[in-house]
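**Q** coords please:
(one chain, ligands or ions: 2)
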Amino acid sequence: MHAFNLQAKPLSLADRLADLAVDALIDEADLSPKPALVDRRGNGAHTDLHLGLMHASALALWPAFKEMAEAALELGEVGVPLREAIGRIGREGEQAMLVTTNGVNTHRGAIWALGLLVTAAALQPKSIALCAARLALLDDRYAPKPLSHGAQVAQRYGARGAREEAQLGFPSVLQRGLPQLHKSRASGHGEQNARLDALLAIMTELADTCVLYRAGEPGLQAMQSGAQAVLDAGGSASLSGRRRLHELDQQLIELNASPGGAADLLAATLLLDRIERDGLSQGAF
Ligand SMILES: CC(C)(COP(=O)(O)OP(=O)(O)OC[C@H]1O[C@@H](n2cnc3c(N)ncnc32)[C@H](O)[C@@H]1O)[C@@H](O)C(=O)NCCC(=O)NCCS
Ligand SMILES: Nc1ncnc2c1ncn2[C@@H]1O[C@H](COP(=O)(O)OP(=O)(O)OP(=O)(O)O)[C@@H](O)[C@H]1O
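**A** Ligands and ions are numbered 1, 2, ... in the order given. Okay, here's the model as predicted:
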């Protein structure tokens with residue numbers, strides 16, 4: 001009898017989707033240099049976050065992602081029962097995150113975006129973003145309605161936040177992140193630069209409620225125009241683009257303007273990319 005069972009069970013679809021979601025979160029956290037965000041270099045504009053915490057939090061979310069995919073396979077269709085099931089699992093995931101991080105919000109927005117996408121990928125691999133949007137449009141009777149930072153900013157500036165991004169079918173991912181990722185890869189810019197360019201492309205237009213809450217409209221304007229300036233200068237693979245990226249990092253740190261929403265949507269972009277490359281999607285998203 002061996003100590004290890006060498007005939008491991010094949011992974012289920014739910015296992016594989018949970019693996020891909022956690023991988024996407026870890027890839028996002030590790031990607032460097034990201035402007036004002038936690039990365040391999042440091043904590044960006046954050047005093048309560050660091051890379052080890054982001055990794056631990058990502059791993060703690062694996063069971064929630066797996067359960068969401070299982071709920072999709074079991075219930076079999078978009079509807080209030082599935083919406084309420086993933087709402088409950090998402091809240092449990094958030095509790096697991098908070099226990100792991102000692103109360104720090106590392107991945108709240110990411111649980112929402114990647115949770116919907118994992119659920120949709122298990123249910124309708126041919127139209128993942130559309131299916132995620134249909135789920136996001138349904139009301140969950142049991143969801144608490146706190147005056148979150150996002151809700152406060154929505155009231156104050158009329159900004160579209162995480163909920164609306166999902167309800168619209170993740171336009172920042174489909175129209176910004178993924179096309180830029182493909183374009184920069186095709187130009188031979190290298191994988192890390194392609195991912196940085198995808199993040200910057202998302203930042204050019206997003207109403208990131210993390211930035212609005214922390215730094216108001218001037219912060220959001222600095223994020224959007226600074227990201228565009230890096231891309232216009234040739235992107236993160238070029239020397240002048242790198243210089244602009246460094247300036248943007250400094251500027252956003254000074255403004256305390258960490259683009260956490262854009263980081264979540266980069267993770268969503270990397271998840272859809274992985275789903276496609278692993279052959280788990282069946283066509284367009
Ligand atoms: C919809 C959520 C994200 C709450 O959004 P809200 O804007 O009210 O809250 P909050 O400011 O706490 O979090 C928003 C987070 O989303 C990210 N974000 C910010 N701006 C954006 C944006 N424009 N687009 C996408 N994500 C963004 C950031 O990470 C931010 O921290 C979600 O946490 C929620 O309501 N959950 C309820 C429980 C539930 O149903 N879970 C289901 C899991 S599938
Ligand atoms: N690499 C990253 N660095 C920082 N934030 C990230 C990163 N990746 C994702 N995020 C997202 O950013 C959000 C954290 O941002 P932030 O700390 O501004 O939120 P908050 O809890 O609303 O605000 P505050 O810390 O001001 O109380 C998380 O929900 C998380 O999903």
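
**Q** contact residues of the protein facing ligand 2?
**A** Contacts of the chain with ligand 2, taken as CB under 6 Å from any ligand atom, map to 28-29, 37-38, 46, 49, 54, 105-110, 149, 210, 214, 258, 260, 263-264. For the C-beta atoms, the positions are set from N, CA and C on the backbone; glycine is no exception.

**Q** what do you get if the cut-off is 5 Å, keeping everything else the same?
**A** Counting by CB under 5 Å from any ligand atom, the residues of the chain close to ligand 2 are L37, V38, N105, H107, R108, G109, A110, H149, C210, G260, A263, D264.

**Q** what's the helix or strand for the third one?
**A** So that's N105. Secondary structure assignment for N105, by DSSP states H and E: no helix or strand.

**Q** equivalent analysis for E247, please.
**A** Going by DSSP H and E, E247 is in helix 239-255.

**Q** E70 now?
**A** Assigned by DSSP H and E, E70 belongs to helix 62-75.

**Q** now for that helix, which elements pack on it?
**A** helix 13-30, helix 80-101, helix 108-123 (3 or more CB pairs under 8 Å, 6 or more residues apart in numbering; DSSP states H and E).

**Q** ok, the closest residue to ligand 1 within the stretch 51-200 of the chain - contacts?
**A** For the stretch 51-200 of the chain, the residue closest to ligand 1 is G150, as judged by CB to the nearest ligand atom, at 1.8 Å. Neighbouring residues of G150 by CB atoms under 8 Å, 6 or more residues apart in numbering: G161, A162, R163, T209, Y213.

**Q** burial count for the residue of the stretch 151-285 of the chain found nearest ligand 2?
**A** Closest approach of the stretch 151-285 of the chain to ligand 2 (CB to the nearest ligand atom) occurs at G260, with a separation of 2.1 Å. For G260, the tally of surrounding residues (other CB atoms under 10 Å) stands at 28.

**Q** tell me the confidence at it?
**A** G260 is assigned 98 on the pLDDT scale.

**Q** check which helix or strand covers the closest residue to it other than its chain neighbours.
**A** Using CB to CB, 6 or more residues apart in numbering and skipping residues adjacent in sequence, the residue nearest G260 is C210, 3.8 Å away. Taking DSSP H and E as the definition, C210 sits inside helix 209-232.

**Q** give me the mean pLDDT for that helix.
**A** Helix 209-232 comes out at a mean pLDDT of 98.

**Q** report all helices and strands that that helix contacts.
**A** Applying 3+ CB pairs under 8 Å, 6+ apart, one finds that helix 209-232 makes contact with helix 149-157, helix 191-203, helix 239-255, helix 260-277.

**Q** going by mean pLDDT, which of those helices comes out lowest?
**A** Mean pLDDT per stretch puts helix 149-157 lowest among those, at a mean of 94.

**Q** can you list the buried residues in that helix?
**A** For helix 149-157, burial by neighbour count (16 or more other CB atoms under 10 Å) applies to H149, G150, V153, A154.

**Q** ok, those vs L61, which is closest?
**A** G150 (19.4 Å; CB to CB).
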